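Q: the sequence and its predicted three-dimensional model are supplied below.
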Amino acid sequence: MKIEKKQIVKGSDVLYMFFSIALLFTFMASAVSDTFNSNQVDQARIDVENLVLQIQSSGLKKFLPNKTSDRSLASVSEKTKIEYSSKIGDEGQLGKDPWGQPYFYKLVKDDSGHVSKLLVISSGPDLKLSTSIDFRDIQKAAEMRFIGDDIGKLHSLNQ
């Protein structure tokens with residue numbers, strides 16, 4: 001003969017089970033959120049690189065020597081100037097980052113007035129631009145350190 005025990009569910013057991021499930025969902029949501037945010041940051045970095053290339057290719061034109069020659073473009077001398085013909089303006093906004101905010105760009109000119117650098121930046125996940133942008137400093141800088149979660153690129157144009 002079996003002795004059957006009555007199983008009683010106590011309120012504290014239900015509370016522990018509910019707490020355990022809530023904790024599990026919190027960890028899962030955190031992992032999914034981190035992965036999603038990481039994907040957005042990666043996408044923003046790719047977008048910044050693409051915008052630099054697009055702005056550079058749409059605005060930079062090589063002015064070849066006026067005389068005709070048999071030389072192909074690959075053999076153009078190093079004295080050929082690269083000049084910028086702005087089709088989009090010297091600064092502004094282009095597209096939207098993964099957080100719905102615009103990417104900002106700025107063409108930085110050297111002391112002689114020629115475009116020497118191109119800056120493209122996103123404010124990042126916190127939607128606030130934390131990087132201080134002083135164009136006199138950028139004009140002289142070889143590279144730029146972006147603060148907080150800002151994502152950007154300072155690209156030097158060879159002239």
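A: Ah, there it is.

Q: any stretches of the chain with poor pLDDT?
A: 1-7, 9, 30-36, 59-87, 158-159 (pLDDT under 70).

Q: quick one: the strands in it, in order.
A: For the chain, the strands defined by DSSP state E occupy 60-63, 81-84, 91-96, 102-109, 115-122, 151-156.

Q: and the fifth one, how far out from the chain middle?
A: On the basis of CA atoms, centre = their mean, to the nearest Å, strand 115-122 sits 12 Å off its chain's mean C-alpha point.

Q: against which helices or strands is it packed?
A: When contacts are defined as 3 or more CB pairs under 8 Å, 6 or more residues apart in numbering; DSSP states H and E, strand 115-122 packs onto helix 11-59, strand 102-109, helix 135-140, strand 151-156. C-beta here means a position set from N, CA and C on the backbone, and glycine is covered the same way.

Q: return it as PDB; C-alpha atoms alone will do.
A: Only the C-alpha atoms of strand 115-122 are listed here, as PDB (Å, rounded to 0.1, in the frame of the first residue of the first chain):
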ATOM      1  CA  VAL A 115      39.600  71.200 -48.400                       C
ATOM      2  CA  SER A 116      42.100  69.000 -46.500                       C
ATOM      3  CA  LYS A 117      39.900  66.800 -44.300                       C
ATOM      4  CA  LEU A 118      36.400  65.400 -44.100                       C
ATOM      5  CA  LEU A 119      34.700  64.700 -40.800                       C
ATOM      6  CA  VAL A 120      31.600  62.500 -40.500                       C
ATOM      7  CA  ILE A 121      30.000  61.800 -37.100                       C
ATOM      8  CA  SER A 122      27.000  60.200 -35.400                       C
END
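
Q: any idea of the angle that strand forms with strand 151-156?
A: 170 degrees (axes from the mean of the first three to the mean of the last three CA atoms, to 10 degrees).
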